[in-house]
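Student: With the sequence up front, the predicted model follows.
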Amino acid sequence: MKQLKFLMIAFTLLMGISLTSCLNSESDPYSYGGGYAKVRSYLGMGISFTSDDVTITPTTASVSSLLAQGVDVSKMTGHVVYISYRWDPTVTEISNPKDIKNVELMAVLDLNNTTEVVSEKGAANDSVNNAAIIKLGISESSEIKPSFFDKTTLLLPVNYFMYNAIHYLTLVYYPNEDDTTLKLYLRHNAKKDETSNTTSYNYAQQGYLGFFNKAYDLTNIFTAYKSATHTIDNPTTVEIITKENSYTYKLDDAQTAEKTYTVTYKNETEK
């Protein structure tokens, strides 16, 4: 089996592999793992990662090593991230695949993005929306689709045209719409980026996963929704409303159209 490179890890993460993928070879004695996870810590210490019923606890030394490189994992507590890690099976035995301990944390990518509760469209604190996206996901047949990571975190794969600027993609809720359906509007602020044929998905395939993969903590939005609809329950479905164009990011283009994605809020996400 060929040696696993970090870019290979990045691509498999993009496709959503499990947290317990393992590869090694004679030239590379390490086994590797990675995937979506939520950061857990106690008072900024004792870092661990959880996904479904799997817990990964890295060595303190590897967490400190990332901190020395400017990556403070403790500041990501509660965020959904991508992680990659490795271990030497001759040194570290993974006896319980649901409780993986003492692995070397190689990389952590924070996917957390902004959510806003805004009184009404056009209000002073409304998010800037000056560019269309291509779509959520890659194609209608692709398995890469919007989904819930857990009971409060929504994962959105957002494909959009980009050149070299940082784009801001914010999910906005308007409680004054007074609708029992929770509608979230994806606002795309491209700043002053230039037009390009390159997309966020193209960058993700090169290892820059954060341009394409977005995570949104809906805790505050759920609270506002319950207050607006006078209910104690979370919605059974969430609608994501976008402005899309497969050819240009211009909102005033004749082919720019509004599209709605419906994501089911399943009970099994409540873990």
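Tutor: All right, it came through fine.
Student: residues contacting K98?
Tutor: For K98, the contacting residues are D53, V54, T55, by CB atoms under 8 Å, 6 or more residues apart in numbering. Where you see a C-beta, it was placed from the backbone N, CA and C, and this is true even at glycine.
Student: again, 7 Å this time
Tutor: Shown in contact with K98 (CB atoms under 7 Å, 6 or more residues apart in numbering): D53, V54.
Student: Tell me the spacing between it and V80.
Tutor: The gap separating K98 from V80 is 19 Å, by CB to CB, to the nearest Å.
Student: now P235
Tutor: 20 Å.
Student: Looking only at neighbour counts, state which of those two leads.
Tutor: Legend: neighbour count by other CB atoms under 10 Å for P235 and V80, higher for V80 (26 against 21).
Student: what's around the nearest residue to the more buried one once chain neighbours are set aside, how many residues?
Tutor: The shortest distance from V80 to any non-neighbouring residue, by CB to CB, 6 or more residues apart in numbering, is to A215 (3.9 Å). Residues within reach of A215, counting by other CB under 10 Å, total 20.
Student: what separates A215 from Y32, distance-wise?
Tutor: Distance from A215 to Y32, by CB to CB: 22 Å.
Student: how about low-confidence regions in this structure?
Tutor: The chain contains residues with pLDDT under 70 at 1-26, 43-45, 266-271.
Student: can you count the residues close to the closest residue to V118 other than its chain neighbours?
Tutor: The shortest distance from V118 to any non-neighbouring residue, by CB to CB, 6+ apart, is to D126 (4.9 Å). Residues within reach of D126, counting by other CB under 10 Å, total 17.
Student: For the residue nearest to M76 when sequence neighbours are not counted, give the beta-bridge partners.
Tutor: Counting by CB to CB, 6+ apart, V39 is the residue found nearest to M76 once chain neighbours are left out, at 4.5 Å. Beta-bridge pairing for V39 (DSSP bridges): F49.
Student: how about the longest helix seen in the chain as CSV, C-alpha atoms only?
Tutor: Longest helix in the chain, counting residues (DSSP state H): helix 219-229. Only the C-alpha atoms of helix 219-229 are listed here, as CSV (Å, rounded to 0.1, in the frame of the first residue of the first chain):
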residue,chain,number,x,y,z
THR,A,219,-27.8,27.3,18.9
ASN,A,220,-28.6,31.0,19.0
ILE,A,221,-30.8,30.6,15.9
PHE,A,222,-32.8,27.8,17.5
THR,A,223,-33.4,29.9,20.6
ALA,A,224,-34.7,32.8,18.4
TYR,A,225,-36.8,30.4,16.4
LYS,A,226,-38.5,28.9,19.5
SER,A,227,-39.2,32.4,20.8
ALA,A,228,-40.6,33.6,17.5
THR,A,229,-42.8,30.5,16.9
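Student: contact partners of it?
Tutor: For helix 219-229, the surrounding residues in contact (CB under 7 Å, 6+ apart) are T115, V117, T152, Y173, P175, D178, T180, L182, I232, N234, P235.
Student: Return the member of the residues you listed nearest to V103.
Tutor: Of all the contacts of helix 219-229, the one sitting nearest V103 is T152; the distance, using CB to CB, is 26.3 Å.
Student: Does that closest one touch N234 like I think?
Tutor: No. Contact between T152 and N234 fails when scored by CB atoms under 7 Å: they sit 8.8 Å apart.
Student: list the contacts for L109?
Tutor: By CB under 7 Å, 6+ apart, the neighbours of L109 are V81, Y82, L209, G210.
Student: In CSV: those, plus distance to N130 and neighbour count.
Tutor: Output for these, formatted as CSV (distance: CB to CB, whole Å; neighbours: other CB atoms under 10 Å):
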residue, distance to N130, neighbour count
V81, 28, 20
Y82, 28, 21
L209, 24, 18
G210, 21, 17
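Student: still on that earlier bit, looking at T152 and N234 now, which is surrounded by more residues?
Tutor: A direct count of neighbours by other CB under 10 Å for T152 and N234 places T152 higher, at 19 against 16.
Student: Ignoring the adjacent residues along the chain, who's closest to the more buried one?
Tutor: Here the residue nearest T152, using CB to CB, 6+ apart, is T219, at 5.0 Å.
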